[in-house]
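Undergrad: No sequence on hand, only this structure:
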């Protein structure tokens, strides 16, 4: 009888640990999948041939908000990026035709969702 009780307890413990492990893996998988999925490319304000997309890869202490700008123009452009999380403007400098750049606008955010505004103009 004592052996049957011990086996029943061990079986319950094993099921509980397995269920918690599966739930943890699901939460981590959803969080990483959501963070890794880039948004659709959007045209920058001011110059239609420049596009940008946002991603939020998970870093050591939270999500890093990254804006990737691609210059599809035949001339160099300069762009300024602001986000709803970091309203301070960040300038790209001169971006050559066909070039891309990644700007990290915020590090270690507790949230992966953010909205970027990108304004580009032709470089002089």
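TA: Nice, thanks for sending it over. In this text the structure is predicted, and so the values were computed from the model without any measurement.
Undergrad: where are the low-confidence patches of the chain?
TA: Judged against pLDDT under 70, the low-scoring parts of the chain cover residues 1-41.
Undergrad: Can you give the domain ranges for it?
TA: When the chain is parsed into structural domains using automatic domain parsing, the resulting residue ranges are 1-37, 38-122.
Undergrad: From the structure, what's the count of residues near residue 80?
TA: Taking other Cβ atoms under 10 Å as the neighbour definition, residue 80 ends up with a count of 16. Every residue, glycine included, has its C-beta placed from N, CA and C.
Undergrad: Please look at it and residue 90 and confirm they touch.
TA: Yes: at 6.9 Å, residue 80 and residue 90 qualify as touching, with contact defined as Cβ atoms under 8 Å.
Undergrad: now do the same end-to-end measure for stretch 88-97.
TA: Between the opening and closing residues of stretch 88-97 there is a gap of 26 Å (Cα to Cα, to the nearest Å).
Undergrad: repeat for stretch 101-116
TA: Across its full length, stretch 101-116 reaches 15 Å end to end, with Cα to Cα as the criterion.
Undergrad: and if you look at stretch 110-121?
TA: Distances were taken as Cα to Cα; on that basis the terminal residues of stretch 110-121 are 32 Å apart.
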